[in-house]
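>>> no FASTA, just this:
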């Protein structure tokens, strides 16, 4: 008969040991759970209200010498944010290049600096050579000339008109200059009507208005087919040509120098039209090659026939294959206008012959000359142009040169070579889609593999990422309320930020840092957006108070070891409108340092989590510039 087996003494000891270990584990687990519950109850006894959190980052402006207006709009914008305010001050400290001496309150500059443009300062420009207008080019202040103060707005500064009303109106107090309304009165550039300026859309060569002038161009080349999206207007005046192109889905980069015609570019930006200070002098324009579908000069006073056609070869560099160059004004139709232009017929004929000759030598074909307009077209590729070199020895084809390098790069009298093609019908560098499909199609620079490390898949992922980010931004800033018109992306990468904003009535100045590798600005233009190069250790080529929203993603991680970040922030303050907004994206350590400086600039700001949640090491700093103006008595003095 089988008996029950109770086990050996050894097995019995093992079971007893297991029971003791299990009891110990359960005891420790119970203590952990109890401690957690007690800690959780203590943290919820006195929760911090959202208003309390915001009060921690309020700027103390009561003791400042500024004349402040009601800041309720600023406070409500920050306090209504759906993201939790984060305070990393005690836990994240990092040494960043800041020669201004750490946290400090920055005083206002003298009122004489109200329209200060650091790199286009006229007094500094007088030190430089007048040959090829070098004195009007960028000449940035030396270290001892740099200002550690805040550029004041005019005493009665007002929030600009919203788009599209701003296209036609601007407040006089914001740009108190009547010079153009007097000097260009007959040409109908600008008129003063009480407390505001009105822009009738006139111009030297379009007395019936820019709209009618553009209609005349549209009869000669296809402006509404979607083939033409990006344009450049050299010597733009108040940018009426660019302003009226916008309703045709064409975005123009308008530029003009800072000269005797006061504040041309400032007027353009006040209208909500893309523009920047610039000049065709001795250096390349700050744009990549093959950027623009159309270039325009309406009596822009550029000496196209001088210097062996040097300026036309520069237009050729930035013009896309198949792009158009439009010229109106001297010397076009000189037989009719020569007396009014106060020049001899022989002089004007010689100038036009020289332009025609240069256009042939750089392989352009004249499309048409009708009325006051003459239009040339750049070839789709350089197959035929290479054959022309047997007839035209100059200008030669540029060799061993990166055609996109345009930051402080001297002009060279040579033809920028186009990418090679296999047949005469192929578009050099790759064909692009029509607008608006162009905005999200793969740019040829990416599909061809000419941007190392950027694949088609990475491009698509970037677009998807920015759609999510803009959805998040809508929760923290009033994107859809018309508050923003002029927007700058300080580190644009592939232009995904601008693309995600297409449905809003805004335009974006896509800035690619001049030392970026790879250089992506060409791909941004291929998408149908506009932008420029800039080194953020220097000032941007614009007037004060010309942007409503500035986006800075990773900018300070790039520049923290290169130059004083306080100067970059002061430059952002210079170009930002009163009550304008800035969105910073960076690491916590960098954002804490930025916030410490902007608190001294009378900005209201707080740090919040990344849109993907609190575990992402990148955070967002939302900042709003206080409204304040310069002293009215000082302005009168």
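Structure's in. What do you need? The structure presented is a predicted model; accordingly, all values stated were derived computationally and were not measured.

>>> can you tell me the distance between the two ends of stretch 108-128?
Criterion CA to CA, to the nearest Å; first-to-last residue distance in stretch 108-128 is 29 Å.

>>> and that stretch, which residues are buried?
For stretch 108-128, burial by neighbour count (16 or more other CB atoms under 10 Å) applies to 108-109, 111, 113-121, 124-125. C-beta here means a position set from N, CA and C on the backbone, and glycine is covered the same way.

>>> Kindly report the same for stretch 198-213.
Using 16+ other CB under 10 Å as the test for burial, stretch 198-213 gives 199, 201, 202, 203, 204, 205, 206, 209, 210, 213.

>>> again, but for stretch 470-485
So stretch 470-485, judged by 16+ other CB under 10 Å, has buried residues 470, 472, 473, 476, 477, 479, 483, 484, 485.

>>> Report the two of the buried residues of stretch 198-213 separated the most.
Within these, 199 and 205 form the most distant pair, 16.3 Å apart (CB to CB).

>>> Apart from its neighbours in sequence, what residue is nearest the residue nearest the centre of the chain?
With distances taken as CA atoms, centre = their mean, residue 509 lies nearest the centre of the chain, 2.4 Å away. Among residues not flanking residue 509 along the chain, residue 488 sits closest, at 4.6 Å (CB to CB, 6 or more residues apart in numbering).

>>> what about that neighbour, which SS state?
Three-state call for residue 488 (DSSP: H, G, I helix; E, B strand; the rest coil): strand.

>>> hang on, it packs against residue 571?
No: look at residue 488 against residue 571 with CB atoms under 8 Å: they stay out of range, at 11.2 Å.

>>> re the thing from before, what score does the residue nearest to residue 509 have for pLDDT?
Per-residue confidence for residue 488 comes out at a pLDDT of 98.

>>> again, but for residue 367
97.

>>> Okay, and it sits in which element?
In this assignment (DSSP states H and E), residue 367 forms part of strand 365-370.

>>> How about residue 418?
Going by DSSP H and E, residue 418 is not part of any helix or strand.

>>> how much space between it and residue 283?
As for residue 418, its distance to residue 283 is 22 Å (criterion: CB to CB, to the nearest Å).

>>> Equivalent analysis for residue 240, please.
Between residue 240 and residue 283 the computed distance is 27 Å (CB to CB).

>>> Comparing the two, which residue is more hemmed in?
residue 240 (32 against 19; other CB atoms under 10 Å).

>>> what's the pLDDT at the residue nearest to that one when sequence neighbours are not counted?
Excluding the flanking residues, the one nearest residue 240 by CB to CB, 6+ apart is residue 210, at 4.2 Å. The score at residue 210 is 94. That number is its pLDDT.

>>> Can you name the residues that contact residue 210?
Taking CB atoms under 8 Å, 6 or more residues apart in numbering, we find residue 210 in contact with 201, 202, 203, 240, 241, 243, 244.

>>> I'd like to know which of those are part of helices.
The members of those that map onto helices under DSSP state H are 240, 241, 243, 244.

>>> if we take those, which one ends up nearest to residue 344?
residue 241 (29.0 Å).

>>> since we're on that closest one, how many residues are nearby?
Neighbours of residue 241 using other CB under 10 Å come to 25.

>>> Now do the contacts for it.
Contacts of residue 241 (CB under 8 Å, 6+ apart): 203, 206, 210, 213, 214, 233, 252, 254, 296, 298.

>>> which one of the residues you listed is nearest residue 582?
Using CB to CB, residue 254 comes nearest to residue 582 of the contacts of residue 241, at 24.5 Å.

>>> what helix or strand is the closest one on?
Going by DSSP H and E, residue 254 is in strand 251-256.

>>> Just checking: what are the partner strands of that strand?
Strand pairing for strand 251-256, determined by DSSP bridges: strand 230-234 (parallel), strand 275-277 (parallel).

>>> who wins for proximity to residue 302 among those?
Of all the strands paired with strand 251-256, strand 230-234 comes closest under CB to CB, at 6.0 Å.

>>> Tell me how far that closest one lies from the chain's centre.
Counting by CA atoms, centre = their mean, to the nearest Å, strand 230-234 is centred 15 Å from the centre of its parent chain.

>>> repeat for stretch 320-327
Distance, stretch centre to chain centre, for stretch 320-327: 24 Å (CA atoms, centre = their mean).

>>> now that stretch: mean pLDDT?
pLDDT averaged over stretch 320-327 gives 98.
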